[in-house]
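*Asks:* fold the following, please.
(chains A and B)
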There are 2 protein chains.
Amino acid sequence: MCEANAYIIKNKETENELIMESVDTIKPEDGGLLLVNIFGEQKFIEAKIHSLSLVDHNIYLMQESTKTA
Amino acid sequence: MCEANAYIIKNKETENELIMESVDTIKPEDGGLLLVNIFGEQKFIEAKIHSLSLVDHNIYLMQESTKTA
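*Replies:* Coordinates of the predicted model:
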C-alpha cells in the first residue's frame, strides 16, 4: 500500500498541521478537497493540493486566503 | 518506496496522458509544477494537481485553460 499523510501548510512552512493520516485519494469537490484514507474515512477541507513528497509519504495542502464569492 | 505515475487529464477523463512515471515530488514553480521522479529526472509542466489516488499510484494533473496575464 502506498498511502501518505496530508498536512496543511500554515503561514510558516515549519508549522504544518496534520489533517489526515494514511490518505488514499484526494478529489476536488465543492470548492475544496475530499480526502479519503485507506480505512474509508472521509474528510472535507477547503484547500488545494500544494505539493507532494511521496517517497516521504507527505501531501501538502494550502488553504486559500481569497475566495470567489 | 512509494512513487506514483503522473497523468494529465485531457478533455475527456478517459484519455489521460502519462507525463512521468515513478514521481517522487511535485512542487509549484513559476506558474506550473516541477515534477521529480525517484531517478532524479525533472520535468516542468504548466498544470495544477487535480487529484490523487495513491493506493493505485496515480497522480492527476490538469492544465489551465485560463491564465492571468
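*Asks:* which stretch of helix or strand covers residue A:28?
*Replies:* Assessed by DSSP states H and E, residue A:28 sits inside strand A:17-29.
*Asks:* C-alpha coordinates for the helix or strand harbouring residue A:51, CSV please?
*Replies:* For residue A:51, the enclosing helix or strand under DSSP H and E is strand A:48-53. Presented in CSV, the C-alpha positions along strand A:48-53 are these (Å, rounded to 0.1, in the frame of the first residue of the first chain):
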residue,chain,number,x,y,z
LYS,A,48,-5.9,22.9,-2.7
ILE,A,49,-3.1,20.5,-3.2
HIS,A,50,0.1,22.4,-2.9
SER,A,51,2.8,19.8,-3.3
LEU,A,52,3.7,16.2,-2.9
SER,A,53,6.7,14.2,-1.5
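*Asks:* can you list the buried residues in it?
*Replies:* By neighbour count on 16 or more other CB atoms under 10 Å in any protein chain shown, the buried set for strand A:48-53 is A:48, A:49, A:50, A:51, A:52, A:53. From N, CA and C alone the C-beta is placed, and that goes for glycine too.
*Asks:* now stretch A:18-35
*Replies:* Those would be A:19, A:20, A:22, A:23, A:24, A:25, A:26, A:28, A:33, A:35, for stretch A:18-35 by 16+ other CB under 10 Å.
*Asks:* quick one: the third one and residue A:3 touch, right?
*Replies:* Yes: A contact is recorded between residue A:22 and residue A:3 when judged using CB atoms under 8 Å, the distance being 4.3 Å.
*Asks:* between the two, which contacts overlap?
*Replies:* Common neighbours of residue A:22 and residue A:3 are listed as A:37, A:38 (criterion: CB atoms under 8 Å, 6 or more residues apart in numbering or on different chains).
*Asks:* just to revisit the earlier point, who's in contact with the strand holding residue A:28?
*Replies:* Residues contacting strand A:17-29 (CB under 8 Å, 6+ apart): A:3-8, A:10, A:33-39, A:41, A:43-45, A:49, A:59, A:61, B:50-55.
*Asks:* that concludes my questions; thank you for your assistance.
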